[in-house]
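Asks: would you be able to build a 3D model of this:
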Amino acid sequence: MSSDFIVSARKYRPDSWEKVVGQDSITSTLKNSIASNKLGQAYLFCGPRGVGKTTCARIFAHKINEADGIKPEDLSFNIFELDAASNNSVDDIRELTSQVRIPPQVGSYNVYVIDEVHMLSQAAFNAFLKTLEEPPAHAVFILATTEKHKILPTILSRCQIFDFHRISVPAITTHLQKIAEKESILFEEEGLHIIAQKADGALRDALSIFDQMVSFSGGNLNYKSVIENLNVLDYDYYFRATEYIINEDISSSLIMFNEILKNGFDGHIFINGLAEHLRNLLVSKDEVTVSLLEVTDSIKNKYIEQCKLFDQKLLIQGLDVINQCDVGYRMSKNQRLLVELTLMQLCSLKYNEAEKKNLIKLIPIGIEIPEPPKITLPKRGEKISLELTASAPLSNDGNNQYVHSTHGISLNGEIKKLENEHLAKLQESERILNLRNNKEEILLDKLNLSEVNAGWKEFITHLGQSGQKNLFAVLSHADPRICLLYTSDAADE
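Replies: Alright, predicted model coming up:
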């Protein structure tokens, strides 16, 4: 068996700035520092795994001495690498600091690359601190770590810090396409896109998955083989699920979920994928946010078409329902039922919204008076206020006029009409107002309390018969009252 095969992560490891993927700002800064001969004494490269920290450190270490005309094969004598994960003791650091004193045999700089520097012990950090603070002029330190928060602040303050970010899905997909073309591997863009998504921003992970998929598919990376091997649900399931939600088809959604479970997928994977799908539909609603979709152009067009069938408010409600399912999934004793209940709720979103719009309560005019209104009669310099109060809303006797309300039993506009009617009656009757010491009570015969009580009892009875038992229980203990008050701002003339 031939042993010429080299894994893609090693074979295609960048050896120049141009080949580094997705870290343009960092590579530009490092190139400019070399070109301007403004090198720092220590650099800290931090970020997630597989995004190019160690690779950039090695390229940087080589490029520092290239300006002196050193042959590439001789540059290895100027570069020293230390894996702090396995060499993290005080003795390892002391050995390193003793080497730092020795000047380079060729070139101008010795470069010391310490990988996984966060693994150094507390004592090793302290032993390294003095050397890092005042290194020789010929020494440059490059520290790399995935856990910046574990580095001592005294170390951080002595380094130029470069934060490497996750590589975008399109950038990884493009890189995999180039490799597939060089290796003469057949591929579908959707398949490479799934590999890039699975890698979660780590190019090294993407290359490892790429090799695995090539072996599995026999050199033909199509979409179907990739999702089958990576245990990824097809986009088609989520588009179908969304169609069932739009059509309020609970039965079909449950049958589809049963099919997913039979294919060996976990319900949590499905519910998280559905949440991402609804999120993608939401961002597809606006041309400004559609760029947030990390999918191929063909899938993006499907999102744009389907989002037109979904109201934005319902999408947000659907995401809230799925989020509640996601939070409670691990604690649920019947996880399948939880997901099925979530699908039922999603399919009922449009129905529930329609019910809210059609929910109209009929309230008799002039019954409920939330605030004590006052009627002012400008006569002889006096201000007289008529206040009507009710401990609870009055009811309808079957002949009263009705109005529509969606905010409970509250009719401020109708109260104003009632005030005007009473004012007209007072003016027509030309009652004689006897004001003594500005505190006498006004008697109004036109308001008949017995009629109000009769209407109130009929309203309570109607509530009980219509099934509104909570409201019936509360209002049955309340009685309407009519109070007549007055105020005066001037003395009698």
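Asks: how about Ile114, phi and psi?
Replies: With angles defined as degrees, to the nearest 10, Ile114 sits at phi -110, psi 110.
Asks: doesn't Ile151 make contact with it?
Replies: No. Under the contact definition of C-beta atoms under 8 Å, Ile114 does not touch Ile151, with a separation of 11.2 Å. The way it works is simple: take the backbone N, C-alpha and C, and place the C-beta from them, glycine included.
Asks: between the two, which has more neighbouring residues?
Replies: Ile114 (26 against 19; other C-beta atoms under 10 Å).
Asks: for the more buried one, give its distance to Pro135.
Replies: According to C-beta to C-beta, to the nearest Å, Ile114 stands 13 Å off from Pro135.
Asks: sorry, back to before: can you check which residues contact both of Ile114 and Ile151?
Replies: Leu143 (C-beta atoms under 8 Å, 6 or more residues apart in numbering).
Asks: what's the burial count for Phe472?
Replies: By other C-beta under 10 Å, neighbour count at Phe472 equals 17.
Asks: just the element for it, please.
Replies: Element membership for Phe472 (DSSP states H and E) is helix 469-475.
Asks: how far does that helix sit from its chain's centre?
Replies: 41 Å (C-alpha atoms, centre = their mean, to the nearest Å).
Asks: now swap in stretch 166-184 and tell me
Replies: 28 Å.
Asks: show me what counts as buried in stretch 205-221.
Replies: 205-211, 213-214, 217, 221 (16 or more other C-beta atoms under 10 Å).
Asks: which one of those residues is nearest to Pro14?
Replies: Within these, distances to Pro14 taken as C-beta to C-beta reach their minimum at Leu207, with 11.7 Å.
Asks: quick one, what contacts Arg49?
Replies: 146, 202, 204-205.
Asks: one step back: overlap in contacts of Ile114 and Pro135?
Replies: Phe141.
Asks: tell me where the stretch 251-400 of the chain has strands.
Replies: 361-364, 388-390 (DSSP state E, counting those that start in this stretch).
Asks: returning to that earlier point: min pLDDT across the buried residues of stretch 205-221, which one?
Replies: For the buried residues of stretch 205-221, the weakest pLDDT value sits at Ser217, with 79.
Asks: so it versus Val51, what's the distance?
Replies: Counting by C-beta to C-beta - Ser217 and Val51 are separated by 27 Å.
Asks: quick check, nearest of the contacts of Arg49 to Phe45?
Replies: Minimum distance to Phe45 across the contacts of Arg49 is 10.0 Å, recorded for Thr146 (C-beta to C-beta).
Asks: where does the stretch 151-300 of the chain dip in pLDDT?
Replies: In the prediction, the stretch 151-300 of the chain carries no residues with pLDDT under 70.
Asks: point to the residue nearest the middle of this structure.
Replies: Centroid-nearest residue in the chain: Arg279, 8.8 Å away (criterion: C-alpha atoms, centre = their mean).
Asks: now stretch 336-345: average pLDDT?
Replies: 92.
Asks: do the same with stretch 43-55
Replies: Here the average pLDDT along stretch 43-55 is 90.
Asks: measure it end to end?
Replies: Chord length of stretch 43-55, first to last residue, is 14 Å (C-alpha to C-alpha, to the nearest Å).
Asks: do stretch 276-296 as well
Replies: Length of stretch 276-296, first residue to last, C-alpha to C-alpha: 15 Å.
Asks: please renumber so the chain begins at 386
Replies: That works, and once the first residue is 386, the last one we named lands at stretch 661-681.
Asks: which parts of that stretch are buried?
Replies: Residues 662-670, 678, 680-681 are the ones in stretch 661-681 that count as buried (16+ other C-beta under 10 Å).
Asks: could you do stretch 846-863 as well?
Replies: Buried, per 16+ other C-beta under 10 Å, within stretch 846-863: 847-848, 856-857, 860.
Asks: now swap in stretch 706-715 and tell me
Replies: Here stretch 706-715 shows 706-707, 710-711, 714 as buried, counting by 16+ other C-beta under 10 Å.
Asks: tell me the one among those residues nearest to Gln691.
Replies: Checking the buried residues of stretch 706-715 one by one against Gln691 (C-beta to C-beta), the nearest turns out to be Ile707, at 16.6 Å.
Asks: distance check, the closest one against Ile391.
Replies: 44 Å.
Asks: same question for Pro555.
Replies: Distance from Pro555 to Ile391, by C-beta to C-beta: 26 Å.
Asks: neighbour count winner among those two?
Replies: Taking neighbours as other C-beta under 10 Å, Pro555 and Ile391 compare with Pro555 leading, 14 against 11.
Asks: with adjacent residues omitted, what lies nearest to Ile419?
Replies: Using C-beta to C-beta, 6 or more residues apart in numbering and skipping residues adjacent in sequence, the residue nearest Ile419 is Lys448, 5.5 Å away.
Asks: next, the one you found: secondary structure please.
Replies: Following DSSP: H, G, I helix; E, B strand; the rest coil, the label given to Lys448 is helix.
Asks: hmm, Leu467 is touching Leu481, no?
Replies: Yes. Contact status for Leu467 versus Leu481: in contact at 6.1 Å, counting by C-beta under 8 Å.
Asks: common neighbours of those two, please.
Replies: Contacts common to Leu467 and Leu481, judged by C-beta under 8 Å, 6+ apart, are 497, 499.
Asks: now whichever strand or helix holds Arg443: buried residues?
Replies: Assessed by DSSP H and E, Arg443 sits inside helix 438-451. Neighbour counts over helix 438-451 (16+ other C-beta under 10 Å) mark 438-450 as buried.
Asks: likewise for stretch 632-648?
Replies: Buried residues in stretch 632-648 (16+ other C-beta under 10 Å): 634-635, 638-639, 641-642, 645.
Asks: mind listing what the residue nearest to the centre of the chain touches?
Replies: With C-beta under 8 Å, 6+ apart, Arg664 has these contacts: Leu704.
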